[in-house]
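**Q** here is a sequence with its predicted model. Questions after.
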Amino acid sequence: MRRNRMFRCLVLVLLALLSACSTVPVQPQPGNDRSGLFAELAEVEKSFAAMSVQEGMRKAFIHYFADNGYNFDSREDPIRPRLDFPKLPPQTGSPRYQLDWFPVYTEVAAAGDMGFNTGPYRVLDNRGENPTSHGYFFSVWERQSDGNWRVTVDIGTGSTVPGAEQQRLTWTAPAPSGYIASVPVENSREIDVLRQHESTFADALADNGLAKGYRMYLHGEAHLHRDGIFPITVTRDIIHYLNVSQGTLSWRPTLVKVSTSGDLGYSWGKYSSGDPKARGHYCHVWKRNAKGEWKLVADIQYPVTPAPD
């Protein structure tokens, strides 16, 4: 036991040194105003939603998803709309329903190559009336080689209360992080660092429990999305929710990516929470704080429908 603890401590020390070596100066610098990037990505999201309503979800998803973009729902495996939707039988007649949404929060990496949007969605009938379901979407975007933004992760959670009716929502952008990446980072190295950071986060939950473990890793602007509830965006409320939830949580990253500025990254994969039936898809988005530490700024889970017994 003591040997295992010593080994873990050594790993943590080495990771801290590696992360410090890859950290670049934190001092604020002129020209770090990203308001234009935030507005740009929010407008792209709005255009995506408008195409979905006007021309149908299938056409919009094919247009706005990247080739390697994934949509996650209750199915066991995610789908790639840009590649999978064209293989479906041609759509005849009017769509049976409309999918509409709008962003209320946007984050973008300093390099302008990665970001995310989140906000309420609703499913309407084909006349654009009578909402049948609603919830919150979460989309990760990456700028492609042609300069266009495309979706690489699309994962949402349902809600029992329509978001737009629960409170008046307006679009916002995050406060400046204070972290400045002055030169492009060594991307493969940063991905390894963030992947290992995911592992130490999981260890912290196993050793300290959900609430205490999360408290150690949460960013001050963290968003927690769980199916069936309104997203939680206040740290003390997140901790309270996790205290009530208790239980265990583990996950296995399938993909980890980091922006070229090294200030934003994400992972997605499968999670489980003790009960074999309580499992599904997850997405973590990480943001460096002013000290250059990776902190969890978004945590989304969507359960997989259990197979019939």
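**A** Received it, and whenever you're ready, just let me know what you need.
**Q** so where do the strands sit in the stretch 151-300 of the chain?
**A** Secondary structure of the stretch 151-300 of the chain (DSSP state E, counting those that start in this stretch): strands located at 218-225, 250-258, 264-273, 275-288, 294-303.
**Q** can you list the buried residues in the helix or strand hosting Glu40?
**A** Assigned by DSSP states H and E, Glu40 falls within helix 35-55. By neighbour count with 16 or more other C-beta atoms under 10 Å, helix 35-55 contains the buried residues 37-38, 40-42, 44-46, 48-49, 51-53. Just so you know, the C-beta spots here come from the backbone N, C-alpha and C atoms, and that holds for glycine as well.
**Q** kindly reformat those as TSV and extend each row with distance to Arg96 and pLDDT.
**A** Formatted as TSV, those follow (distance: C-beta to C-beta, whole Å; pLDDT from 0 to 100):
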residue	distance to Arg96	pLDDT
Leu37	36	94
Phe38	35	94
Glu40	33	96
Leu41	30	97
Ala42	29	95
Val44	27	98
Glu45	24	97
Lys46	24	96
Phe48	20	97
Ala49	18	96
Met51	18	95
Ser52	14	93
Val53	14	91
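**Q** between the residues you listed, which is nearest Val151?
**A** For the buried residues of helix 35-55, the closest approach to Val151 (C-beta to C-beta) belongs to Phe48, at 7.6 Å.
**Q** tell me how far that closest one lies from Gly247.
**A** Note on Phe48: its distance to Gly247, by C-beta to C-beta, to the nearest Å, is 35 Å.
**Q** alpha carbons of stretch 137-156, as CSV, please.
**A** Only the C-alpha atoms of stretch 137-156 are listed here, as CSV (Å, rounded to 0.1, in the frame of the first residue of the first chain):
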residue,chain,number,x,y,z
PHE,A,137,-27.3,21.2,-26.3
PHE,A,138,-23.5,21.2,-26.1
SER,A,139,-21.4,21.4,-29.2
VAL,A,140,-17.6,21.5,-29.6
TRP,A,141,-16.4,23.2,-32.7
GLU,A,142,-13.0,23.2,-34.5
ARG,A,143,-11.8,25.4,-37.3
GLN,A,144,-11.0,23.4,-40.4
SER,A,145,-8.1,23.9,-42.8
ASP,A,146,-10.4,25.9,-45.1
GLY,A,147,-11.1,28.4,-42.2
ASN,A,148,-14.7,27.2,-41.5
TRP,A,149,-16.0,26.1,-38.2
ARG,A,150,-17.3,22.6,-38.0
VAL,A,151,-18.9,20.5,-35.2
THR,A,152,-16.7,17.7,-33.8
VAL,A,153,-18.8,16.8,-30.7
ASP,A,154,-22.6,17.2,-30.3
ILE,A,155,-24.0,16.0,-27.0
GLY,A,156,-27.2,17.2,-25.3
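**Q** check contacts around Leu296.
**A** Contact analysis of Leu296 by C-beta atoms under 8 Å, 6 or more residues apart in numbering lists 201, 214, 217-219, 222, 284-286.
**Q** name the nearest residue to it, sequence neighbours excluded.
**A** Of all residues not flanking Leu296 in the chain, Tyr217 sits nearest, at 5.0 Å (C-beta to C-beta, 6 or more residues apart in numbering).
**Q** in space, what's closest to Asp125 - neighbours in sequence excluded?
**A** Tyr97 (6.0 Å).
**Q** now stretch 143-162: mean pLDDT?
**A** For stretch 143-162, mean pLDDT is 92.
**Q** buried residues in it?
**A** 143, 149-159.
**Q** just these: which are in helices?
**A** Using DSSP state H, no member of these falls within helices.
**Q** okay, those residues in CSV with distance to Tyr241 next?
**A** Shown next, in CSV, are the buried residues of stretch 143-162 (distance: C-beta to C-beta, whole Å):
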residue, distance to Tyr241
Arg143, 34
Trp149, 32
Arg150, 33
Val151, 28
Thr152, 28
Val153, 23
Asp154, 24
Ile155, 19
Gly156, 19
Thr157, 13
Gly158, 17
Ser159, 14
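**Q** I'd assumed Thr305 was in a helix, is it?
**A** No - according to DSSP: H, G, I helix; E, B strand; the rest coil, Thr305 belongs to no helix; its state is coil.
**Q** measure how buried it is and give me the count.
**A** Using other C-beta atoms under 10 Å, Thr305 has 11 neighbouring residues.
**Q** residue contacts, it?
**A** Thr305 touches 74-75, counting by C-beta under 8 Å, 6+ apart.
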